[in-house]
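J.: show me the folded form of this:
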Amino acid sequence: MATMLLLPFRTLIPSSSSSSSSSSSNFRPAPLCCSNDRQALFNRIAPVYDNLNDLLSLGQHRIWKRMTVSWAGAKAGDHVLDICCGSGDLSFLLSQKVGSDGKVTGLDFSKEQLLIASSKQHSKNCFSNIEWIEGDALNLPFSDGSFDAITMGYGLRNVVDRPKAMQEILRVLKAGSRVAILDFNKSEELLTSTITEWIIDNVVVPVASAYGLLEDYKYLKTSIRGFLTGKELEKLALEVGFSSARHYELSGGLMGCMVAMR
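T.: Coordinates of the predicted model:
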């Protein structure tokens with residue numbers, strides 16, 4: 001069974017921190033309300049973030065992300081949002097979908113991650129339609145009904161107020177449009193859960209330790225245990241006001257993608 005994509009968790013909690021500005025013309029800050037230590041962590045690991053994702057997933061995270069973008073339903077000319085965009089993988093895929101007449105907004109609370117995403121964008125001349133914003137998933141700096149499609153990769157699991165995050169997604173999404181949320185699957189099957197935890201203990205933590213990230217990655221198992229099952233994610237989406245929701249299991253139940261329509 002293949003190894004999975006492994007990202008340390010993003011905890012967004014109230015603080016008085018504020019974002020700093022960037023000199024990049026397609027990068028702008030927005031008011032932040034997030035944990036200083038989590039923000040510092042993602043800034044610190046930014047240089048090795050992509051390498052770890054490829055190594056620990058054996059490259060499969062690229063397949064999961066393509067599926068997520070497809071489920072989000074973005075099409076040519078759309079204005080779309082990628083929440084917790086990190087170094088930009090989903091944003092770049094969305095850019096290809098919406099084309100030159102569309103627009104992609106990538107939002108994350110890590111300035112260093114966004115700077116890496118922006119530098120990758122400049123090496124790909126077909127990705128001129130992306131703007132990077134330093135902002136908070138619990139307080140999206142956008143007007144109601146701004147986006148034709150939304151993606152979120154490995155972010156919902158670790159926000160401290162999941163209903164609030166889902167409400168914000170619902171608020172900025174246009175009626176009849178979809179959000180696709182990719183994350184680890186909290187399986188209801190004991191065997192799948194056991195395999196997941198074994199991989200974390202025996203593959204993830206040792207590899208992360210070699211990168212000096214032992215303390216950051218060893219809590220991954222706890223964050224998955226505290227996440228919602230697919231059925232619970234569907235229920236949450238419906239409770240906050242989405243008209244429909246369906247959770248898809250990927251890679252034998254190790255990953256999952258919840259697709260909800262406004």
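J.: so for the protein, the centremost residue is which one?
T.: Geometric centre of the chain, nearest residue: residue 153, 2.3 Å, by C-alpha atoms, centre = their mean.
J.: in what helix or strand does the nearest residue to that residue once chain neighbours are set aside lie?
T.: Residue nearest to residue 153 in three dimensions, not counting chain neighbours: residue 182, with 4.7 Å by C-beta to C-beta, 6 or more residues apart in numbering. In short, each C-beta sits where N, CA and C put it, glycine included. Taking DSSP states H and E as the criterion, residue 182 maps to strand 173-184.
J.: flag every buried residue along the helix or strand following that strand.
T.: Going down the chain from strand 173-184, the next helix or strand is helix 190-199, by DSSP H and E. Residues of helix 190-199 classed as buried: 192-193, 195-196, 199 (neighbour count, 16 or more other C-beta atoms under 10 Å).
J.: before we move on, what about stretch 100-119?
T.: The neighbour-count check on stretch 100-119 (16+ other C-beta under 10 Å) flags 102-118 as buried.
J.: ok, now stretch 215-227?
T.: Counting neighbours by 16+ other C-beta under 10 Å, one finds that the buried residues in stretch 215-227 are 216-218, 220-221, 223-224, 227.
J.: where's residue 238, which helix or strand?
T.: helix 230-240.
J.: chain center to that helix, what's the gap?
T.: Centre-to-centre, helix 230-240 and its host chain are 18 Å apart (C-alpha atoms, centre = their mean, to the nearest Å).
J.: other SSEs contacting the very next helix or strand once past it?
T.: Using DSSP H and E, the helix or strand that follows helix 230-240 in sequence is strand 244-250. Strand 244-250 is packed against helix 61-72, helix 230-240, strand 255-261, with contacts defined by 3 or more C-beta pairs under 8 Å, 6 or more residues apart in numbering; DSSP states H and E.
J.: relative to helix 230-240, how tilted is the shortest one?
T.: Read that as strand 255-261. 20 degrees (axes from the mean of the first three to the mean of the last three C-alpha atoms, to 10 degrees).
J.: tell me which residues are up against strand 255-261.
T.: For strand 255-261, contacts defined as C-beta atoms under 8 Å, 6 or more residues apart in numbering pick out 4-5, 64, 67-68, 71-72, 176-186, 230, 233-234, 237, 242-250.
J.: now with 7 Å?
T.: Residues outside strand 255-261 that contact it (C-beta atoms under 7 Å, 6 or more residues apart in numbering): 4, 64, 67-68, 71, 176, 178-185, 230, 233-234, 237, 242-250.
J.: and stretch 234-241, by the same measure?
T.: In contact with stretch 234-241 (C-beta under 7 Å, 6+ apart) are residues 162-163, 166-167, 170, 228, 245-247, 258, 260.
J.: pLDDT and distance to residue 56 added to the residues you listed, as CSV?
T.: Listed next are the contacts of stretch 234-241 as CSV, based on pLDDT from 0 to 100; distance: C-beta to C-beta, whole Å:
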residue, pLDDT, distance to residue 56
162, 96, 25
163, 97, 30
166, 98, 27
167, 98, 32
170, 98, 32
228, 97, 23
245, 98, 28
246, 98, 27
247, 98, 23
258, 98, 22
260, 98, 28
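J.: show me just the buried residues among these.
T.: Among the contacts of stretch 234-241, those classed as buried by 16+ other C-beta under 10 Å are 162, 166, 170, 228, 245, 247, 258, 260.
J.: quickly find the element holding the third one.
T.: Secondary structure assigned from DSSP H and E places residue 170 in helix 162-172.
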